[in-house]
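Student: Make a model of this:
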Amino acid sequence: MRVANRSPRWCTSVVIVAVFVSSFVRPATAQTGNLGQNAVYYGDQTCCQGTSALADAQAYSASQNGLNLCQTIYFILTNGYPSGGKVIDARGMGGSALTCTGTPWNQGGTFVNVPSTILLPAGTIVIPQTWVLPSKTHLIGQGDNIAAGTTLKANTSFSSPMIQFGSVTGASEISVENLVLDGQGQTITGILNQYAGDYTYVDHVGLYKILGTGLSISATDSGPYSNINFDSVGYGGDAKSNVLINILGDTMKHAIGPPIYTVHIANQGYAVSDLTVIGAGNSAISGTYTIADDLTGIQLTDNTVGMYALGKSRNGGYSLFTTSPHAPSWASGTVQPTGTCTQGSIYSCTGSATSCGSKALWGCPVTSSGAWVPIS
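Tutor: Residues are numbered from 1 along each chain as shown. Modelled structure (predicted):
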């Protein structure tokens, strides 16, 4: 898993879409004759009016002799679809409809580049090829729980990636949330974003049995990428040479579960080495850690950690460098060190004999009471 991204970009404005539905919602075809428009209560003592802001995918599928999920969404996008987009509610689809030929934006012809918010149903949807999401596309599932939420599963001859944000530089406003991507143990990419910047994000997405790169980001000014869970299950292997950049965690302890950590380096039977974490932050330190390293036993409660670099295992320990003053590390400078230090730390002085106190190497042994001492 490799993640490369610039600093997280947060939206400066919020767009709120409210749909008010009466307690006796029914298909609007009986009132308006407009297929797939759910009824809304639009006036005092008056019921009901179909809304063109929402399309009921299940109704469209039935009217077209049982189109599958991808075919149905494509049909909606290409038949009288408004340029400003609409919500496509596919949550009512299930059974044999939860299959796909092509993608919701391409059925073997022209790529449909229009905005939409697509509400996917719960269950497993097997996809045969990459879903390329146009600008202003919001893909929302019914949860990132593999047992009960929405799962997009790559077929067994998949070509990477599973989801791609945009197709050209300048794409924007693309999001994926509340679903699981199942790679079926293949060496593929889960989500690729090399084009989409502003107002683009990923939230509550599970990356399951993906042996390639779970999340690959090279687009500038995108993010945040939050609440992402990597789980290789029985396909697990050693994790080497990974780089995590600009990770901000809001790790407030949940009322019904244990605290979580911004970065958790777990010891679960597979070797972790050559891991570099750059720019890790935690906005809710109480009871949690910005970095919890089970391999070395280091648990950092710093609000920010500039760098945490874990090397290879050797002689029962690990090589380590961190900018945190609360973990042993190996640093260097041109003058002798002063002040307190963390036991186990080493400092290389590269200045003159005078500025270094005539010692090139300083340490912080157990007996130093937190003070630097020269090493002969």
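
Student: So, low pLDDT: which residues of the chain?
Tutor: 1-50, 234-237, 250-260, 284-287, 368, 376 (pLDDT under 70).

Student: Would you map out the domains in it?
Tutor: Here the domain parsing of the chain from automatic domain parsing is 1-17+53-236, 237-326, 328-376.

Student: would JSON lines of those domains with mean neighbour count be doable?
Tutor: Placement of C-beta: from N, CA and C, glycine included. As requested, the domains of the chain are arranged in JSON lines below (neighbours: other CB atoms under 10 Å):
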{"stretch": "domain 1-17+53-236", "mean neighbour count": "18"}
{"stretch": "domain 237-326", "mean neighbour count": "16"}
{"stretch": "domain 328-376", "mean neighbour count": "14"}
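
Student: Quick one: the helices in the protein, in order.
Tutor: Taking DSSP state H as the test, the helices found in the chain are 29-32, 57-63, 69-77.

Student: do you know which of these lies nearest Gly357?
Tutor: Nearest to Gly357, of all the helices of the chain, is helix 69-77, at 70.7 Å by CB to CB.

Student: what's the spacing between the residue nearest to Lys136 when sequence neighbours are not counted and Thr150?
Tutor: Excluding its sequence neighbours, the residue lying closest to Lys136 (CB to CB, 6 or more residues apart in numbering) is Pro115, at 3.3 Å. Distance from Pro115 to Thr150, counting by CB to CB, to the nearest Å: 21 Å.

Student: ditto for Ala360
Tutor: To Thr150, Ala360 is 59 Å away according to CB to CB.

Student: Now do the same contact list for the closest residue to Tyr225 other than its chain neighbours.
Tutor: Among residues not flanking Tyr225 along the chain, Val202 sits closest, at 4.7 Å (CB to CB, 6+ apart). Contacts for Val202 (CB atoms under 8 Å, 6 or more residues apart in numbering) come out as 175-177, 191, 215, 225-226, 228.

Student: Just the closest of these to Thr288, please.
Tutor: Nearest to Thr288 among those, with distances taken as CB to CB, is Ser226, at 15.1 Å.

Student: Could you tell me which residues make contact with that closest one?
Tutor: Neighbouring residues of Ser226 by CB under 8 Å, 6+ apart: 201-204, 250.

Student: let's see it at 6 Å
Tutor: Asp203 (CB atoms under 6 Å, 6 or more residues apart in numbering).

Student: burial of Thr51, as a residue count?
Tutor: By other CB atoms under 10 Å, 20 other residues sit near Thr51.

Student: From Ser218, how far out is it?
Tutor: Per CB to CB, Thr51 is found 39 Å from Ser218.

Student: and if you look at Thr187?
Tutor: Per CB to CB, Thr187 is found 19 Å from Ser218.

Student: thinking again about what came up before, what is the residue nearest to Tyr225 paired to in the beta sheet?
Tutor: Val176, Tyr225 (DSSP bridges).

Student: How much space separates it from Ile278?
Tutor: Counting by CB to CB - Val202 and Ile278 are separated by 19 Å.

Student: next one: Ala327
Tutor: Ala327 is 16 Å from Ile278, by CB to CB.

Student: distance between stretch 66-80 and the chain's centre?
Tutor: With CA atoms, centre = their mean, to the nearest Å as the basis, stretch 66-80 stands 28 Å off its chain's centre.

Student: what residues does it touch?
Tutor: 55, 57, 60-61, 88, 93, 97-100, 102-104, 107, 112, 114.

Student: same thing with stretch 152-171?
Tutor: Applying CB under 6 Å, 6+ apart, the set of residues contacting stretch 152-171 from outside is 124-128, 130-133, 135, 174, 181-184, 186, 188-193, 195-196.
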